[in-house]
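Q: Mind folding the following:
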Amino acid sequence: MSSMLQGRWWSWGFRSAVMLYFMVLIIFPILGIYGQSLSSGWSDFASNITEPLAWKAVLLTIRMALIATVVNILVGTMSAWVLIRYRFPGRRLLNSLVDLPFALPTAVAGLMILLLLGPRSFVGQLSEKLGFTILFHQPAIIIAMVFVTFPFVIRAVQPLLEEMDAAEEEAAYMLGATKAATFWRVILPNMLPGILSGAMLAFSRALAEFGAVVLVAGNIPGKTLIASVYIFGEIESDNTVGATAVSVLLLTFSFLILWTVNYVQMRRKGG
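A: Numbers count the residues shown, from 1 in each chain. Here you go, the predicted model:
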């Protein structure tokens, strides 16, 4: 009997500690952001999110994140395919480097891109000779977002390729299907849930990127000022209500994306 009580108390204490952890570090800060954004009333909230610079920053962030996500879908899917289907010298090293953006501070990533695309670099000098510049313009934002979100699609697709039954491909070939037809009708449908979930996570992460982008974007209002940098500027200007209002937009958008990712994963497990 005592052992049963000890087991119940241990289970209750463990669950309570986990719930307290989530409430203190996740739920309370989220509620605080929503509460602060509405502290001055709905009219101030509406005026803050419809303020021209704020709206331009949010739209620019969404547009840049979408482009970065499309790049990640294409490059990430091809990278996952190569890392799983081919054997070549340096494959393990390359596979380990995929996770580098997760371990690297984003400010360091921004500095790397700054040095790579700067006016003294080979890429910067070449682009100037061709009549355009990358640094402190929108392409630099896309490059920074692609770098920090690069692993998501790769890591989401790799397990699906590893689990794929080779008999399905062999059966398609035996039935006379070409390699292209087998890819589109057999392989791609198996990879699609991973591509979608990885792409949505990459998009959500790109929306919130700050450290890498702030160093390479130029932060020109209406042109290269993204939402996270705009939020930082509002806090520096002591306009916390305006900062939290824009934060609520991004936070709500991220919630919808995460819910969609979970739905796709549940459908995949249920199917």
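
Q: pretty sure G218 is in contact with V229, am I right?
A: No - because the distance of 10.0 Å does not satisfy CB atoms under 8 Å, G218 is recorded as not touching V229. From N, CA and C alone the C-beta is placed, and that goes for glycine too.

Q: Look at these two and report which has more neighbours.
A: V229 (20 against 16; other CB atoms under 10 Å).

Q: show me the contacts for that one.
A: For V229, the set of contacting residues under the criterion of CB atoms under 8 Å, 6 or more residues apart in numbering consists of A57, F210, V213, V214, A217, N219.

Q: residue boundaries of the strands in the stretch 1-150 of the chain?
A: Residue ranges of strands cannot be listed for the stretch 1-150 of the chain, since DSSP state E, counting those that start in this stretch assigns none.

Q: Low-confidence bits of it, can you list those?
A: In the predicted model, the stretch 1-150 of the chain carries pLDDT under 70 at residues 1-10.

Q: thinking again about what came up before, most neighbours among the contacts of V229, which one is it?
A: Highest neighbour count within those: V213, with 29 neighbours (other CB under 10 Å).

Q: what helix or strand does it sit in?
A: Element membership for V213, per DSSP states H and E: helix 211-216.

Q: Helix or strand next in line after that helix, which one?
A: Using DSSP H and E, the helix or strand that follows helix 211-216 in sequence is helix 227-236.

Q: May I see the buried residues of the helix or strand that that next one is followed by?
A: Stepping forward along the backbone from helix 227-236, the first helix or strand reached (DSSP H and E) is helix 240-270. Taking 16 or more other CB atoms under 10 Å as the basis for neighbour counts, the residues of helix 240-270 that come out buried are 241-251, 253-254, 257, 261, 264.

Q: Out of those, which comes closest to F122?
A: L250 (35.6 Å; CB to CB).

Q: which residues touch that closest one?
A: L250 touches V58, T61, L207, A208, A227, S228, counting by CB under 8 Å, 6+ apart.

Q: now do L115
A: S121.

Q: which residues of the stretch 1-150 of the chain fall in helices?
A: In chain order, the stretch 1-150 of the chain shows helices spanning 2-22, 28-37, 42-49, 52-85, 91-97, 100-103, 106-117, 122-129, 138-163, with DSSP state H, counting those that start in this stretch as the criterion.
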